[in-house]
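Peer 1: sharing a model that was predicted from the sequence below.
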Amino acid sequence: MIFNNLKETKRFLKKFTKDLKSELQKKKRVILLFQGHLGAGKTTFIKEIGKNLGIKSIVKSPTFIIWQIYPFRLNNLNYSLHHIDLYRIDAKTLLKLNFKKKIKEKNNIFAIEWGEKLEAYLKRKKIKFKKLHLEKIGKKRKLIISSY
Ligand SMILES: Nc1ncnc2c1ncn2[C@@H]1O[C@H](COP(=O)(O)OP(=O)(O)OP(=O)(O)O)[C@@H](O)[C@H]1O
Ligand SMILES: [Mg+2]
């Protein structure tokens, strides 16, 4: 998929978030691994998804925090969006931060930047995830989604 600008990306993310909500209600947990170079648009994607989920505080939240948790409601149930950025840490460090336990809990979305660092662990544990590979091409963005 190619997005020519932010507006097109946002339009896509409206639909993407809708599908994400259905998946969350069916499967109880969704893991999104974001892969892409510096500035590819990973944070922008996640914040936009958060906004679409009704999380207002995500817009102004700082981006340098490793793990941020945003509660939201969906059909009168409580859920959380976990925004994790693995730029400065490796999977080993994350796994020490209570992640092993959290990842098994229900009613969570995990959106993880530099998610490729966690891929081997999830595969080993047979935990399903989606990989969103973002690439910046000039001003455009290319997205490839694969499911594991
Ligand atoms: N889909 C898009 N279309 C146009 N511009 C975008 C898009 N996504 C992000 N940008 C712009 O690109 C810049 C970098 O975006 P962002 O911080 O989301 O990237 P990132 O992949 O999270 O970077 P980092 O690797 O530093 O975490 C921002 O200025 C943002 O406005
Ligand atoms: Mg980022």
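Peer 2: Okay, I see it. Numbers count the residues shown, from 1 in each chain. Ligands and ions are numbered 1, 2, ... in the order given.
Peer 1: residue ranges for the helices of the chain, please.
Peer 2: Using DSSP state H, the helices of the chain run over residues 6-27, 42-52, 91-94, 100-102, 119-124.
Peer 1: winner for burial among those?
Peer 2: helix 42-52 (a mean of 20; mean count of other Cβ atoms under 10 Å). (Glycine included, C-beta is placed from N, CA and C.)
Peer 1: so which bits of the chain are right by ligand 1?
Peer 2: Within reach of ligand 1 by Cβ under 6 Å from any ligand atom, the chain has these residues: 3, 5-6, 9, 36, 38-44, 113, 141.
Peer 1: extract the CA atoms of stretch 62-72 and return them as PDB.
Peer 2: The C-alpha trace of stretch 62-72 is given here as PDB (Å, rounded to 0.1, in the frame of the first residue of the first chain):
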ATOM      1  CA  PRO A  62       6.000  12.300  24.800                       C
ATOM      2  CA  THR A  63       7.500   9.800  22.400                       C
ATOM      3  CA  PHE A  64      10.700   9.000  24.200                       C
ATOM      4  CA  ILE A  65       9.000   6.900  26.900                       C
ATOM      5  CA  ILE A  66       9.700   3.200  26.500                       C
ATOM      6  CA  TRP A  67       6.300   1.900  27.600                       C
ATOM      7  CA  GLN A  68       3.100   3.900  27.800                       C
ATOM      8  CA  ILE A  69      -0.300   2.500  28.700                       C
ATOM      9  CA  TYR A  70      -3.500   4.200  27.600                       C
ATOM     10  CA  PRO A  71      -6.900   2.800  28.900                       C
ATOM     11  CA  PHE A  72      -9.900   3.000  26.600                       C
END
